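# Everything below, folded, please.
(4 chains)
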Number of protein chains: 4
Amino acid sequence: MHRKLRMGMVGGGLDAFIGAVHRRAAGFDGEIELVCGCFSSSPDKSKATGHALYLPEDRVYSSFQEMIEKEKALPEGERMDFLSIVTPNHMHFPPAKLALENGFHVMCDKPMTLNLAEAKELAAIVEKSGLVFGLTHNYTGYPMVKEARDMVRNGKLGKIRKVVVEYPQGWLSKDEEHNDYKQAIWRTDPARSGAAGCMGDIGTHAENLAEYVTGLKIDELCADLTAFVPGRQLDDDGNVLLRFDNGAKGVLHASQVANGEENSLKIYVWGELGGLEWHQMEPNTLKYKTQEGQRIIRPNVGTLSASASAHWRLPAGHPEGFFEAFANLYRNFAYAVKAHMEGREADPLYDFPKAADGVRGLAFIDTVIASSQDDSTKWTKFVE
Amino acid sequence: MHRKLRMGMVGGGLDAFIGAVHRRAAGFDGEIELVCGCFSSSPDKSKATGHALYLPEDRVYSSFQEMIEKEKALPEGERMDFLSIVTPNHMHFPPAKLALENGFHVMCDKPMTLNLAEAKELAAIVEKSGLVFGLTHNYTGYPMVKEARDMVRNGKLGKIRKVVVEYPQGWLSKDEEHNDYKQAIWRTDPARSGAAGCMGDIGTHAENLAEYVTGLKIDELCADLTAFVPGRQLDDDGNVLLRFDNGAKGVLHASQVANGEENSLKIYVWGELGGLEWHQMEPNTLKYKTQEGQRIIRPNVGTLSASASAHWRLPAGHPEGFFEAFANLYRNFAYAVKAHMEGREADPLYDFPKAADGVRGLAFIDTVIASSQDDSTKWTKFVE
Amino acid sequence: MHRKLRMGMVGGGLDAFIGAVHRRAAGFDGEIELVCGCFSSSPDKSKATGHALYLPEDRVYSSFQEMIEKEKALPEGERMDFLSIVTPNHMHFPPAKLALENGFHVMCDKPMTLNLAEAKELAAIVEKSGLVFGLTHNYTGYPMVKEARDMVRNGKLGKIRKVVVEYPQGWLSKDEEHNDYKQAIWRTDPARSGAAGCMGDIGTHAENLAEYVTGLKIDELCADLTAFVPGRQLDDDGNVLLRFDNGAKGVLHASQVANGEENSLKIYVWGELGGLEWHQMEPNTLKYKTQEGQRIIRPNVGTLSASASAHWRLPAGHPEGFFEAFANLYRNFAYAVKAHMEGREADPLYDFPKAADGVRGLAFIDTVIASSQDDSTKWTKFVE
Amino acid sequence: MHRKLRMGMVGGGLDAFIGAVHRRAAGFDGEIELVCGCFSSSPDKSKATGHALYLPEDRVYSSFQEMIEKEKALPEGERMDFLSIVTPNHMHFPPAKLALENGFHVMCDKPMTLNLAEAKELAAIVEKSGLVFGLTHNYTGYPMVKEARDMVRNGKLGKIRKVVVEYPQGWLSKDEEHNDYKQAIWRTDPARSGAAGCMGDIGTHAENLAEYVTGLKIDELCADLTAFVPGRQLDDDGNVLLRFDNGAKGVLHASQVANGEENSLKIYVWGELGGLEWHQMEPNTLKYKTQEGQRIIRPNVGTLSASASAHWRLPAGHPEGFFEAFANLYRNFAYAVKAHMEGREADPLYDFPKAADGVRGLAFIDTVIASSQDDSTKWTKFVE
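The predicted structure is shown next:
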């Protein structure tokens, strides 16, 4: 099969932030082209978006059901090969299920579903379908995150003792959901966002990053979530003590009311032999510290892991950022889809988050909510 | 005209670095699609590249002459709208001239031509053609560079007194041109690179950045260029004293033998009222200093200039880098081409480097070479 | 009274780290001179230290009891004015008590005593004596910490919502206490260090810093302490959720097994209007962030608080560090002693930690130990 | 000889900045005590300063001549052992000469004298006297600068190719000398400061640092000095191309009108094998870069040179700054004086700048002035 993969999209109208990210990320490496979409629950908005994206009118749909039905009727090579889902959380499960059941691969925004039950059901559907399912926990797409994971795997840090992952943002410091701010409105609405606010939106990224880099699983936790802004229905801040399955301890804290912070995801991992530090806002620098000193690890400088090396595109000192990390997920997903189409195994070098990660994300949300609501229990088991 | 612009490319075979950058940058905002190319002087390599890019075979050409002739014969809307030139320096002028003379707009890598005479001739051809010509001095595409320029323009720094621009790289610290390293070979070959090595490849970026941010012109300079690596034909390092047309003084230094440096372009501008500092390797931070203190200016935080705001795509703290800055040039070029097609004036908010910048770049190269070769003259006038 | 204050010292033999810090800090501003000491429980070591410090032999003592008795017998102006206590924790209370009861002011290393009962008793003795008592929670001596406190007090951050204080060190990553490493041996020995290891040694600094900067009190907490190094008797790592008396939430984590970390105390404070960030390893930079942007606050740049301004000594850009912050405590203590001698009120601009801070430090230790040992209780009240 | 060295001081009245620095630096390590001084040309101010410093009245003098005469008459062990000179530049030579001719060692602020002729004469007097002479080019007192020098010496960088040293300050951006600002007034007055302003005050520090770290000598240079502030008599900014005696090239630029800059001395050194970077405002970090990656070198972390290790006092992560670097010079000077008194060779591990450095400093000033004034000569030889 020698052609670009053909992508359909649900969600991502012109005023949505994440839809445009997905489109740029998908197209970045020349392996995927957008061929159709249902960009809004409003048919007019969907049409306007399709027009702005230079799509033919007959490939812009009024509902994801219509899209899946009509695309399925098109010949292979013309119809979409996979569906990208970029709607608010409550609208992940229905199109994902329908797409998979109709033979379309799926790339889905995170958290995977509205709740854990849906997540498990979707994981089962993926499993049954045999199709490729990707989840955009995009921060694991950064090459220096790959390098960190590789260093832990190869024992450079020794047994891991402590993990601190933090994710302060400040954009919800005020009552933005009553300011007609679309991004704020749905993220603070339990019906569309799920049981958690900050913990669902960014806490799950932190959880995913910590488990990805360390290869450990959170075993139990103790959470204290807060809704600081008066009238807010969901948490906008949370602090969590972590215990991992190897005996390591940790802290996860995230906030959307950390006033003045941008998108300051950071992770620190310390093991018996050394430590690592990575900041999302300076993503091309990985700090590796031992009692002998500190090394600054940077893309394309010296010899790095095969994994990291497979995820940058430029010479040293040419900064790659958020879009490129996101694009790594799409490219790797595309490779997996192509392998599927050609009956090959996908190359594990080109990894990306999958349904199992999504289930853990929803389990994390459930566990922190349960822990935070129960002031009589110190440690709550993390159960998928 | 409601469609993507159609781009042809000359140069940019699979093993070239900058061709892939241009392609990703061009496609980034969904305004441009690659439709044809002559990717190598070797027809086989050109075909292989076209194939890898999923181009139809009949749109992959063996020479730029063939491409321009055959594309011109295609109907509007099918044929390429503009030509992107990503060959080594000596092969900028011929395709640019032919394209312009056949009615195609041109986007060209820098330096614009092999020498100043060609540059002036090309500028005249552009002028005469009335077509759109862009030059990829990509570092001016960063939003924080736009903000810096805007702050200078608006008098935040007062009269400019001093400018320091520095560009150390280390990748040519050894004799790479004899290691079968393609990027090194042509850049150190006068026949393909021109009279200058380091000064042409990156010194011109520094010169362009300094003049862009300050709005000043270099009036005279004093240069000391060196070829440190034995056997190297062109300078791999240079230090230059600058005098600007408003009386400001400055320093420009660039190197490709600054061992261990990645791509560390920085600029400092100081005026009567304050100073600015910007580093390409942390491009989303602009430091603004006065005697009252220092402000950190970042994309999408607080209120920034219209110019900066028009050149980022993401919320605060989501790093955009080299590709995005490069994409800004292509998007702005696309807007200008569309305006031209529709008979409108282009919006100056969406600026990009043009032929005049290219002429100054070649004049800079000529002047530093002349200055460096003449140890009896302290100040050499910068003459276009 | 126009003369330098005269200081005696207990502890601080030649091989001790903190004794030399106290001596340099005390002498730094020319207000204090060392006149006598009992530098070790070994009379020979004490003598050798006194000799190295150029003290007369008759002012070097074999026990703190002897020192206090003999110094008391000297005439005012010749005898020591105050006692500096720099012994391991279990030897803070006895000399402090004896000194105060004999009319000597006291400057004491932290934590104030071995346990909370002693701390309360000592605080009562101080109160009864009417003498000046200082405690070297030295990190509050940095001018940028003063500035941070002042900004919070003046409402620049609005109501405080979240505090994160972290203190990773790595120097005890291995079993140093069995390597004949004196600093490690006593700090991991409950008989000399008290009930806590890491939490007593550095956790109390973090607690003190958080309460100092915010003006808030920890109300309850949930702790998870660990001794990671096999055979270690005291915690070498701890993670703590905090709840403050105004409803703010927080996290405190500290470690001495964060391999590769030096002395990386940091604090983040976020309120309704903005946030602050300060790192001890870059102590001359205070970051102030709001949704309008970030300001970098530095000593002697622009207009800062009277409090900060009273605690630096150099023009902008001349870095002051750990010794200078420590010296601020001694200078302020000296001012208070002089005021006492002259029957004046001390100027609150020149503040320093006192017995009440010491009581809170021990209460913190007790509370985190109790919380950590009780896995059935989530929140443990912080009770002095 | 077992006692503290006894220091006299000329200059350093209460309102002077650098006198207090010298006093704190001298006393820092407990090896030196201030015993007498002539702190001002005004006898009243001198007395007031002596009083504030708790000196006995009979050791506070009205002139340096009186001080030298009367101190000389005191018995050894009571009289001062050496003279510290902290006056404006024009008053360095006279007291230095007189002190040396009367058998007193001398520690002198920089630049050593008002002009090169004086410098050479003073160097000859030092030579003849056999006494110890130190010069406070304090930036070479930082341990990471020692480490940098050691790395260059040991060939870690290979042959040096390029040196960039920069020293921007902003405190003279306005016409401060007409604002009754004492520090500004004498520094901009040729009669007290010498032929150069910025180049004498801080340019010489940059020159000294570059030669110290690299072990190279400047062979010729090309300078462009400017007095930007209207009415200013001396340069407040300068840019200089450098050529070193081994063929290395370089840039030195310094400014006191770099608005918003604090005291931002930086040095970059690149050799055939790697590069170094050091910033005075973050003095405890030395960056070592090669094509294999970057190492962060920090005091007391891992294994460093004997030279660096001899110049810090604290565990890792406890920042030492300007005072401590300055104190290193005094301590090393004290060691040399003690060795002299005891008839021993001084240990070269404890190095400090000497008269030869002072001569080079004045020669640098002469050379940049000459170069800058002659627009017809490109390269001016650096002649001592």
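# Tell me the residues on the stretch 101-250 of chain A that lie near chain B, please.
A:169, A:171 (Cβ under 8 Å from any Cβ of the partner chain). Using the backbone N, CA and C atoms, a C-beta is placed for each residue, glycine as well.
# For the stretch 101-250 of chain A, give the residue positioned nearest to chain D.
Relative to chain D, the nearest point of the stretch 101-250 of chain A is residue A:147 (11.5 Å; Cβ to the nearest Cβ).
# can you give me phi and psi for residue A:99?
Main-chain torsions, residue A:99, degrees, to the nearest 10: phi -60, psi -50.
# what about it, distance to residue B:332?
Distance of residue A:99 to residue B:332, given as Cβ to Cβ, to the nearest Å: 37 Å.
# quick one: which of these two has more around it?
Shown here are residue A:99 and residue B:332; by other Cβ atoms under 10 Å in any protein chain shown, residue A:99 has more neighbours (30 against 23).
# Spell out the secondary structure type for the nearest residue to that one once chain neighbours are set aside.
What sits nearest to residue A:99 in space, not counting adjacent residues and going by Cβ to Cβ, 6 or more residues apart in numbering or on different chains, is residue A:83, at 4.2 Å. Per DSSP: H, G, I helix; E, B strand; the rest coil, the secondary structure class of residue A:83 is strand.
# okay, the most centrally placed residue in chain A: pLDDT?
Nearest residue to the geometric centre of chain A (Cα atoms, centre = their mean): residue A:137, 1.7 Å. What the model reports as pLDDT for residue A:137 is 97.
# again, but for residue A:322
So residue A:322 comes in at 98 (pLDDT).
# How many neighbouring residues does it have?
By other Cβ under 10 Å, 26 other residues sit near residue A:322.
# quick one, what contacts it?
A:21, A:138, A:283, B:314, B:318, B:319, B:320 (Cβ atoms under 8 Å, 6 or more residues apart in numbering or on different chains).
# Out of those residues, which is nearest to residue C:50?
Within these, proximity to residue C:50 (Cβ to Cβ) peaks at residue A:283, which comes in at 55.6 Å.
# For the closest residue to that closest one other than its chain neighbours, grab phi and psi.
Closest residue in space to residue A:283, ignoring its immediate chain neighbours: residue A:142 at 4.8 Å, by Cβ to Cβ, 6+ apart. Dihedral pair for residue A:142: phi -70, psi 140, per degrees, to the nearest 10.
# And residue A:142, how far from residue A:281?
Applying Cβ to Cβ to residue A:142 and residue A:281 gives a distance of 11 Å.
# thought residue A:163 was touching residue A:275?
No. Applying Cβ atoms under 8 Å as the test, residue A:163 and residue A:275 come out as separate, 10.3 Å apart.
# Quick check: neighbours shared by those two?
A:268, A:269.
# Which residues are in contact with residue A:161?
Per Cβ under 8 Å, 6+ apart, neighbours of residue A:161: A:248, A:249, A:270, A:271, A:272, C:226, C:228, C:237, C:257, C:259.
# Dihedrals phi and psi, residue A:260?
When read as degrees, to the nearest 10, the backbone of residue A:260 gives phi 100, psi -10.
# Please name every helix or strand in contact with the worst-scoring helix or strand of chain A on mean pLDDT.
None of the helices or strands of chain A scores lower by mean pLDDT, DSSP states H and E than helix A:182-187, at a mean of 86. If contacts are counted by 3 or more Cβ pairs under 8 Å, 6 or more residues apart in numbering or on different chains; DSSP states H and E, helix A:182-187 sits against helix A:190-193.
# Going toward the C-terminus from the helix it packs on, what's the next helix or strand?
Next helix or strand after helix A:190-193 toward the C-terminus (DSSP states H and E): helix A:198.
# elements contacting that next one?
Counting contacts by 3+ Cβ pairs under 8 Å, 6+ apart, helix A:198 packs against no other helix or strand.
# if we can go back for a sec, list the contacts of the least confident helix or strand of chain A.
Applying Cβ under 8 Å, 6+ apart, the contact partners of helix A:182-187 are A:15-17, A:88, A:171-172, A:176-177, A:192-193, A:197, A:201, A:234.
# Let's see that with 7 Å instead.
Contacting residues not belonging to helix A:182-187 are listed as A:15, A:17, A:88, A:172, A:176, A:177, A:192, A:193, A:197, A:201 [Cβ atoms under 7 Å, 6 or more residues apart in numbering or on different chains].
# got a list of what the last one touches?
For residue A:201, the contacting residues are residue A:187, by Cβ under 7 Å, 6+ apart.
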